[in-house]
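[1] Whatever this is, show me its structure:
(chains A and B)
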Number of protein chains: 2
Amino acid sequence: MIKGTNKIGYQESAQHAQATYAFVAATLESLPEAFHPATGEEVDQAAQKAAKAFPIYRALAPRQRSEFLRAIADEIEALGSELIERVMVESGLPEGRVTGERGRTTGQLRLFADFIEEGSWVEAIIDPAMPDRKPLPRVDIRQMLQPVGPVVVFTASNFPLAFSTAGGDTASALAAGNPVIVKAHESHLGTNDLIAQAILHAAQKTNMPDGVFSSLNSLGYEVGSQLVMHDSVASVAFTGSQRGGKALFDLAQKRQRPIPVFAEMGSVNPVFILPEAMLVRAEALAQQLAASITLGVGQFCTNPGLIVTIDGPETRQFSQELAKAIEATQAGTMLNQGIRTNFEERVQHLSTLDPVSMLGSRLNEKLPHTVKATVATVSGADFMEHPHLREEVFGPFSLIIICADRQEMENIANNLEGQLTATLMTENHDDDVVRTLFDILSQKAGRVLFDGVPTGVEVCHAMHHGGPYPATTDERFTSVGTKAILRFVRPVAYQNAPQNLLPDALKNENPLGIWRKINGQLTKDPL
Amino acid sequence: MIKGTNKIGYQESAQHAQATYAFVAATLESLPEAFHPATGEEVDQAAQKAAKAFPIYRALAPRQRSEFLRAIADEIEALGSELIERVMVESGLPEGRVTGERGRTTGQLRLFADFIEEGSWVEAIIDPAMPDRKPLPRVDIRQMLQPVGPVVVFTASNFPLAFSTAGGDTASALAAGNPVIVKAHESHLGTNDLIAQAILHAAQKTNMPDGVFSSLNSLGYEVGSQLVMHDSVASVAFTGSQRGGKALFDLAQKRQRPIPVFAEMGSVNPVFILPEAMLVRAEALAQQLAASITLGVGQFCTNPGLIVTIDGPETRQFSQELAKAIEATQAGTMLNQGIRTNFEERVQHLSTLDPVSMLGSRLNEKLPHTVKATVATVSGADFMEHPHLREEVFGPFSLIIICADRQEMENIANNLEGQLTATLMTENHDDDVVRTLFDILSQKAGRVLFDGVPTGVEVCHAMHHGGPYPATTDERFTSVGTKAILRFVRPVAYQNAPQNLLPDALKNENPLGIWRKINGQLTKDPL
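    Numbering: from 1, shown residues only, chains lettered A, B, ... in the order given. Below is the predicted model of the structure:
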């Protein structure tokens, strides 16, 4: 049952005089439950509780934390159809997608549970003492990763489950040993409320300290700003717009003690189609890309927003096929009014520009809360001359760039900003152009794909969902996959520490049986 | 031979109309050679050259880069006594220390050479395709660490070799595959000139691309600011003051594309002495700490600047012994006038404060360019009331805090800012107070030591020379030890990439024979 309260640890709180309401994505009608935005006092209470929970939570054995994570997954599943229906209403996403996203969310929690139970992720390194070394003896030095402290998670509108309340940010922060405070997204207040309750049930069942998790509603930016500025907060995770992410990043740098903000801000995810590929599979490429562009009504941070091609009859055929496939797709409900309005304005503006030719369908007048997918074309030369054409249009839109030749294609690659992904569609992997493009794109993107579409980000060990600015504010970290945990830890070294005080991961006998680096060599052996 | 030029890759350049001069640390007399500060144009040329060198340098096999690093070490040794003498003149440091620091510098270069040759540091992770997985097939995803691009290194006055031109920052940035631009320190312009030449000789001998290394002199802050703001620069490393480090950090966040600044800004490195230790070894502790406080005339970022004790007859004896040992040390030459003046002013100011009692010797009138070490005491209560007493006094100074009891000691620990190190001197490792202090200090510091002194930072795999702000601007990274390389890399994932294009580290057959994580399991096996 949706309660509308703020969850300050195990305590529910509703101090604010005003209320805010969730809405039906498809109609923008308000839903009945009143949600209470957090007051300044409630924000402070949540942060204080997180700070108090931290020393208790970080001291728990990995197995206790992994049981908590698994219990969260179980509690989310136990919400059953109430959750699925609420997500569908609040997001406008279809049932299949929502069920799939729930599976991704619970799978992610269980993956992190397995990951911290296996335990080698703490990167234990031991350089034992060498008392007889000349000219100076070596002391005993050991290090491992330790949690940083309370993490604030800003949830994402476009993945109400997998990148939200119990999503990858929360899962990785909790797995590392940090309390989490979630700032609920106004686009799915009810979903957040249900998931927050599930997390707190799981916490209670597994005896987690009060304050290990809190969830706060907000009106405007105040709650978010106050959280980022709070002295007890050690780190921030955000998925959303460039404007929002950069604002939080700048704010956090102004603190007396600056803290990291891991903002994943999306990108245009260029797809480079080489002529050889166009020659043999123009139609298949058009179908594949149309499906990717319209997936989730284009509201993916990995949506392919630029398609870089070289002029020729096959490319013209491809553009027509893509336009046709896009025309054939149904109008889709956008996550919220802001995203829809922004999409419509951006597409409308692009359609007025001389160098841009609209293909496929336009804005949809019949269903006011939906949009139809759109593609447009521009020449390579015009694209290079108009830097604002590189900006992301969030939604089902893609701009086909028609280059004169391979050199122009290479120039465009060289002039890209940082990207989450870049894709190469080719038939000949020995081609010098392919090699050059691959090298350039490896510098520009966090993930380089061959002959696939960038939407669909596998949750696994090798995934890197990140990339150079402005795709993210810290290209050294990922927000998807097990390495996401590295955002919320820091190394601590211990010198000549007694065995009884050392964390288990660093004790001589290796009681956790983990991989460790001893004198530079990986081993599971005791010391 | 010292040339006084800027080194813009392999080209020497001296465009600036003005000249600047090195000085003798002991007398502040100018040395004869004219050094040319870099002009804006020269800064730009160095950055452009670095950007051009980057794709060539990053594509080299690990063995080529390791040969370059070893050649640098050889060339530094080949400078022989010319280097040692110049460092002594410019820094005022004695021969033994300078020779030792040269050994640390060349050892560090060779350690990184071995480290990248072994190759597992790139953290290769492979999650192979699972075409039959239900409900969706899994694509092939592989990731590894890749260099970020040109790194600017601000050299440190207090380690003219080991934290300077060819120091840990340069060694780790070059090892990772990034070109380096050094901003020479005005306190050892000649030393920088000699080492820069050594690096460039090594680069030429091992066929490195032009621009892999540059060295620029400066007048004031302009060259440094211009480097940090240059669009081709990807990362910055700095060792020095809080004011300097924070200024560069803030500047880098104002760029259109913010970049990381790894500033190691020092700390007060508190040493907690428990009564049991005081009881059995007050005199030995005094000797041990006196040696650490006066090492390198106290100009170590790990200098023990706070000694936290509990009142009692042994503590009073310790204070007297420490004061006596400090009195017995000779006055030392400071690195430069700014550091000396600052030290004198800070100590002078502390001596005027009511709650602070000076022990041991005062300022030295006879030798105007030297200072004498000083210790002072303050009660725990007064220390808590005067937050500015927590600030670092860079030089041979330490403040003994006399707490009323263990609770006050714990409060002081809890109220510390971020530290590079924190030390526990104790006899009883099972004591609850020791356990509590250990847990608190593990949250406050990058390295927690038992029964040793924080000066002396071993260069090894397990070292962490970093710590929470304001000790550094990024607690997740170290500037000493092999993990220092992680500052200058980012993960890149490859999806369905063909074997011929994948970097060797990610090829199926594992041609480098490195440790890789395949399906979550560490192995050296081919795929």
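[2] What backbone torsions are found at A:Leu69?
    Reported as degrees, to the nearest 10, the phi and psi values for A:Leu69 are phi -60, psi -40.
[3] And it, how far from B:Glu95?
    58 Å (CB to CB, to the nearest Å). C-beta: built from backbone N, CA, C; applies to glycine.
[4] A:Pro260 now?
    Separation of A:Pro260 from B:Glu95 (CB to CB): 43 Å.
[5] more crowded one of A:Leu69 and B:Glu95?
    A:Leu69 (28 against 12; other CB atoms under 10 Å in any protein chain shown).
[6] hang on, that one packs against A:Ala171?
    Yes. A:Leu69 lies in contact with A:Ala171 (CB atoms under 8 Å); the separation is 6.5 Å.
[7] chain center to stretch A:156-163: distance?
    With CA atoms, centre = their mean, to the nearest Å as the basis, stretch A:156-163 stands 9 Å off its chain's centre.
[8] Give me the distance between the two termini of that stretch.
    6 Å (CA to CA, to the nearest Å).
[9] How about residues contacting that stretch?
    For stretch A:156-163, contacts defined as CB atoms under 8 Å, 6 or more residues apart in numbering or on different chains pick out A:76, A:87, A:90-91, A:93, A:98, A:101-102, A:104-105, A:108, A:155, A:164, A:167-169, A:185, A:187-188, A:191-192, A:195, A:239-240, A:296, A:299-301, A:335-336, A:339, A:479.
[10] what about 6 Å?
    Outside stretch A:156-163, the residues that touch it by CB atoms under 6 Å, 6 or more residues apart in numbering or on different chains are A:87, A:91, A:101-102, A:104-105, A:164, A:185, A:187-188, A:191, A:239-240, A:299, A:335.
[11] what's the following helix or strand after the helix or strand containing A:Tyr21?
    Assigned by DSSP states H and E, A:Tyr21 falls within strand A:20-23. Using DSSP H and E, the helix or strand that follows strand A:20-23 towards the C-terminus is strand A:30-35.
[12] Could I have the CA atoms of the helix or strand just after that following strand written out in PDB?
    The C-terminal neighbour of strand A:30-35 among helices and strands, as given by DSSP H and E, is helix A:40-58. In PDB, the C-alpha atoms belonging to helix A:40-58 read as follows (Å, rounded to 0.1, in the frame of the first residue of the first chain):
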ATOM      1  CA  GLY A  40      14.800  20.500   5.800                       C
ATOM      2  CA  GLU A  41      14.500  18.900   9.200                       C
ATOM      3  CA  GLU A  42      13.600  15.500   7.700                       C
ATOM      4  CA  VAL A  43      16.500  15.700   5.300                       C
ATOM      5  CA  ASP A  44      18.800  16.400   8.200                       C
ATOM      6  CA  GLN A  45      17.300  13.500  10.200                       C
ATOM      7  CA  ALA A  46      17.800  11.000   7.300                       C
ATOM      8  CA  ALA A  47      21.400  12.100   6.900                       C
ATOM      9  CA  GLN A  48      22.100  11.900  10.600                       C
ATOM     10  CA  LYS A  49      20.600   8.500  10.800                       C
ATOM     11  CA  ALA A  50      22.700   7.300   7.800                       C
ATOM     12  CA  ALA A  51      25.800   8.600   9.500                       C
ATOM     13  CA  LYS A  52      24.900   6.800  12.700                       C
ATOM     14  CA  ALA A  53      24.100   3.600  10.800                       C
ATOM     15  CA  PHE A  54      27.400   3.700   8.800                       C
ATOM     16  CA  PRO A  55      29.800   2.300  11.400                       C
ATOM     17  CA  ILE A  56      27.400  -0.500  12.300                       C
ATOM     18  CA  TYR A  57      26.600  -1.300   8.700                       C
ATOM     19  CA  ARG A  58      30.200  -1.300   7.400                       C
END
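[13] what mean pLDDT does helix A:40-58 have?
    Helix A:40-58 shows a mean pLDDT of 98.
[14] From the contact counts, what lies against it?
    Here helix A:40-58 touches strand A:6-8, going by 3 or more CB pairs under 6 Å, 6 or more residues apart in numbering or on different chains; DSSP states H and E.
[15] counting contacts, what elements does the strand it packs on pack onto?
    helix A:40-58, strand A:213-216.
[16] And that strand, how far out from the chain middle?
    The answer for strand A:6-8 is 24 Å, by CA atoms, centre = their mean.
[17] Which strands or helices does whichever helix or strand comes after it pack on?
    Remark: after strand A:6-8, the chain's next helix or strand is strand A:11-13, criterion DSSP H and E. Helices and strands touching strand A:11-13, as assessed by 3+ CB pairs under 6 Å, 6+ apart, are absent.
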